[in-house]
Every structure is written in C-alpha cells, then in structure tokens.
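Enquirer: Got a predicted structure plus its sequence, pasted below:
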Amino acid sequence: MTQIDHQVDSMGPDVSGSKVFKFIAFLYGIAAYLVFFVTILYAIGFVMGLVVPKTIDTGTDTPTAEAVIINLLLMALFAVQHSVMARQRFKAWWTQFVPKPVERSTYVLFASLSLLLLFWQWRPLPSVVWDVGNPDLAVTLVTLSLAGWVLVFTSTYMINHFELFGLHQVTNNLVGKEAAPVRFKTPLLYKFVRHPIYLGFIIAFWAAPVMTAGHLLFAAVTTLYIFVGIALEERDLVDLFGDEYRQYKQRVSMLIPWRRSV
Ligand SMILES: C[S@@+](CC[C@H](N)C(=O)[O-])C[C@H]1O[C@@H](n2cnc3c(N)ncnc32)[C@H](O)[C@@H]1O
C-alpha cells in the first residue's frame, strides 16, 4: 500500500455504522458547522471592533507583561490545536478513537472552541501604534479589511467549503456514499496565489485605521503562524500530490499575486 493510498484509506468515511449513528453523526456535523459559523462571524467583529460585546481592544484591564503572556498563550493554544490536529499522522492516530466521518467536524469544533476561548480571555493592550487621521484613508482601510474577510469566505467555496468544514463528510456518511479522494485543485484565485484564504486573513488583520498594541500583537503573531502553517500544509500537499504540487509551487507564488513564486 502506498503512502497516499494509506492516507486516503485512513481518511475515508466509515459507511458501516448503523442508521442511528449516521444520523447522530450528521447532527453533530451540523452543530459543529454552526459553532464554526458563529465563531468566524464573531472573529470579524472581534478584530474590526464592530458590533460584538468583546473586541480585541476591550476586556479586563491587565498589566502589560501579564496581558502579553496571556494573549501569547491563547494564540499558542490555538496554533498547537489547529496545526497538530491537521496533520495526517495525527488523523491516522485519533481516528482509532474518533469515528472517521466526524473527524473533520471534531477538528472544526475544537478549532472554534479554542478561538472562542481566545476572544473571551483576550486582554486589551490599548496603547495606540497608529491612528489614521485622514477619513478617506480610514474608510479605505476598513473596506480593505472587509475585502480580506470576503477573500477568506469566497476562497473556501473555491476549494470546497463544505468539505473543509466537515459537512460533506457527515452527509456522505448519512447517505452511504463513499467520499471521493481529496483532489488537487487550482480554481480561480488559486491560479494567482497558492493560499488565498491565508492572504485574506493577513489583509483582514493588518488593514486597521486604528492599530493598538494588542491588535498589532494579534496581527504579528497570527501572520507568523500562517507562515508556519503554510510550511506544514505544503509538506503534506507535496506528500499527497507529489510532482503536481511541486510544479504548482514553481508556477504560482505563495501569497503575493504578482511575484512568480516563493
Ligand atoms: C484552511 S484550507 C487553506 C487552503 C489554502 N492554504 C489557502 O490559504 O487558501 C486548508 C486545507 O486546504 C487543502 N488545500 C490547500 N491547497 C489545496 C489545493 N490547491 N487543492 C486541494 N486542497 C488544498 C489542504 O490540504 C488543507 O486540508
């Protein structure tokens, strides 16, 4: 059995369960998706300082050093959960305990919960790093940030929104359909950059008319994490798709559309 066969096999749906299990798994998948959806909507408000009760710049007053440590720990928790649980080896191990059809939904649920914990416990660092006085420039930056979020959402649909967030897997399991193996795709924006979702996050986090120290810490650490995440993800993608992905890396740049490659 090749490595790829093994990975696909270990990720395939378990269509052998009872009807009741399949239905419960389906409901669980929907619940996990709803938690994710609320979390990502909250994230927009949290980062942009809009609508939600607790934003990146509000919360318990905390001495600076303590606030930095707490915030770094919260981001580290998310990074470790999000990266470790996404690796093929981890998936092969924990699908011995977690049924395969709900593996992705469980990953999505854990990622959402660790983000909600971050939003809840985040400590503000209110000193202002920049404050764009010009109203036109301020509006441009808010628009750019919203465009970043739109880029995140639209790119998930290009790659396969419902598979990315586990709904596809629980639906296939419910109707007893074998999931097709993961395919390499380069639709639309993926022809210009290899990681449009991550590019969207970077734009959304940095385009702020008022940048506080807390927001800057969040943007800097998440950007750093995105680069680590890209390295790990691309290692898996090369393992899965081999030369096809290697050639894609040579042809298409990582994040900046007009650069040939990096
Ligand atoms: C959160 S998505 C991020 C996708 C991409 N890095 C981006 O920023 O748009 C991560 C999942 O997408 C998958 N993926 C990334 N690029 C892909 C491609 N070109 N074709 C198929 N799957 C891809 C990875 O294997 C991983 O499961």
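Expert: Everything's here; your move.

Enquirer: Around the ligand, which positions in this protein sit nearby?
Expert: 155, 159, 164, 184-186, 190, 195-198, 233, 236-237 (CB under 6 Å from any ligand atom). (C-beta placed from N, C-alpha, C; glycine too.)

Enquirer: Now which of the residues you listed would you call buried?
Expert: The neighbour-count test (16 or more other CB atoms under 10 Å) marks 155, 159, 164, 190, 195, 196, 197, 198, 233, 237 as buried among those.

Enquirer: isn't there a helix covering the last one?
Expert: Yes: counting by DSSP: H, G, I helix; E, B strand; the rest coil, residue 237 falls inside a helix.

Enquirer: Might one say that it is in contact with residue 246?
Expert: No: at 9.5 Å, residue 237 does not count as touching residue 246 under the criterion of CB atoms under 8 Å.

Enquirer: which stretches of the stretch 1-150 of the chain form helices?
Expert: Under the criterion DSSP state H, counting those that start in this stretch, the stretch 1-150 of the chain contains helices at 3-11, 19-48, 64-84, 88-94, 103-121, 135-159.

Enquirer: Reformat those helices as JSON lines; add mean pLDDT.
Expert: Formatted as JSON lines, the helices of the stretch 1-150 of the chain follow (pLDDT from 0 to 100):
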{"stretch": "helix 3-11", "mean pLDDT": "41"}
{"stretch": "helix 19-48", "mean pLDDT": "95"}
{"stretch": "helix 64-84", "mean pLDDT": "95"}
{"stretch": "helix 88-94", "mean pLDDT": "88"}
{"stretch": "helix 103-121", "mean pLDDT": "96"}
{"stretch": "helix 135-159", "mean pLDDT": "96"}
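
Enquirer: how about JSON lines for those, with distance to residue 214 added?
Expert: Formatted as JSON lines, these follow (distance: least, CB to CB, whole Å):
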{"stretch": "helix 3-11", "distance to residue 214": "38"}
{"stretch": "helix 19-48", "distance to residue 214": "11"}
{"stretch": "helix 64-84", "distance to residue 214": "7"}
{"stretch": "helix 88-94", "distance to residue 214": "31"}
{"stretch": "helix 103-121", "distance to residue 214": "12"}
{"stretch": "helix 135-159", "distance to residue 214": "16"}
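
Enquirer: closest to residue 205 out of these?
Expert: With CB to CB as the criterion, residue 205 lies closest to helix 19-48 of the helices of the stretch 1-150 of the chain, at 6.2 Å.

Enquirer: Can you give me the buried ones in that closest one?
Expert: For helix 19-48, a neighbour-count test (16+ other CB under 10 Å) marks 22, 25-26, 28-29, 32-33, 35-36, 39-40, 42-48 as buried.

Enquirer: what about residue 115, distance to residue 250?
Expert: Distance, residue 115 to residue 250, using CB to CB, to the nearest Å: 34 Å.

Enquirer: if you count what's nearby, which of these two comes out ahead?
Expert: Neighbours were counted for residue 115 and for residue 250 using other CB atoms under 10 Å; residue 115 has more, 22 against 9.

Enquirer: Tell me who's in contact with the closest residue to the more buried one other than its chain neighbours.
Expert: Spatially, and ignoring its direct neighbours in sequence, residue 115 is nearest to residue 39 (5.3 Å; CB to CB, 6 or more residues apart in numbering). By CB atoms under 8 Å, 6 or more residues apart in numbering, the contact set of residue 39 is 112, 115, 116.
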